[in-house]
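Colleague: sequence unknown, structure follows:
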């Protein structure tokens with residue numbers, strides 16, 4: 001007997017309808033939203049967290065939170081924008097939680113070595129994980145996700161000048177790594 005593989009068909013239901021169904025508790029509709037958005041959510045989490053296991057945890061937590069908060073989505077903005085904001089907040093929260101947990105046992109250096117990454121990523125992603133944590137987070141939020149330094153400062157509870165300095169530090173380190 002051969003094992004049957006479940007084929008996932010592309011969803012033909014428009015996203016706004018999926019959102020409304022998922023708000024009412026339709027798990028299949030939520031699964032379709034997950035399939036549509038999980039790669040982008042994971043990508044954001046990976047770039048911010050810098051480690052696959054943290055990115056996976058943050059991605060999972062983001063979708064758990066999405067399931068809980070979906071009824072609050074009113075459609076004032078694009079769903080992807082709303083999910084993006086939730087993803088960034090969740091990734092930053094996961095980083096803090098992880099750091100706080102381990103700081104009880106060991107002193108973590110500012111820059112930790114990253115083990116071999118299982119998935120293929122672009123060269124930039126490979127270099128980003130080598131940046132110190134705060135520098136990487138600021139760079140990703142500013143250069144890739146489009147946040148302004150004042151928004152980053154509020155998000156990370158740092159001065160706007162610190163955000164700018166970390167961004168420039170990231171650019172310098174990345175240039176050094178690429179040469």
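Modeller: Sure, I can see it. Keep in mind that what you see is a predicted model, and the values were worked out from it rather than measured.
Colleague: Next, the buried residues of stretch 62-69.
Modeller: By 16 or more other C-beta atoms under 10 Å, the buried positions in stretch 62-69 come out as 62-63, 65-66. All C-beta atoms are positioned from the backbone trio N, CA, C, and that covers glycine.
Colleague: got a list of contacts for that stretch?
Modeller: 22, 30, 33-34, 38, 41, 45, 83, 86-87, 90-91 (C-beta atoms under 8 Å, 6 or more residues apart in numbering).
Colleague: Present the residues you listed as TSV; the columns should include pLDDT, neighbour count and distance to residue 130.
Modeller: Shown next, in TSV, are those (pLDDT from 0 to 100; neighbours: other C-beta atoms under 10 Å; distance: C-beta to C-beta, whole Å):
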residue	pLDDT	neighbour count	distance to residue 130
22	95	22	38
30	94	19	36
33	95	21	33
34	95	15	30
38	95	14	25
41	96	23	23
45	93	28	17
83	96	23	28
86	94	18	27
87	95	27	22
90	92	24	23
91	91	26	18
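Colleague: between the buried residues of stretch 62-69, which is closest to residue 149?
Modeller: For residue 149, the nearest member of those is residue 62. The distance, counting by C-beta to C-beta, is 24.3 Å.
Colleague: Residue 79 touches residue 18, doesn't it?
Modeller: No. The criterion here is C-beta atoms under 8 Å, and residue 79 misses it with residue 18 at 9.2 Å.
Colleague: For the protein, which residues score under the pLDDT cut-off?
Modeller: 1-11, 99-123 (pLDDT under 70).
Colleague: Tell me how the chain divides into domains.
Modeller: 11-108, 112-179 (automatic domain parsing).
Colleague: Just give me how far the longest one sits from the chain centre.
Modeller: Its chain's C-alpha centre and that of domain 11-108 lie 8 Å apart, by C-alpha atoms, centre = their mean, to the nearest Å.
Colleague: got it, and stretch 127-142?
Modeller: That offset, for stretch 127-142, works out to 12 Å (C-alpha atoms, centre = their mean).
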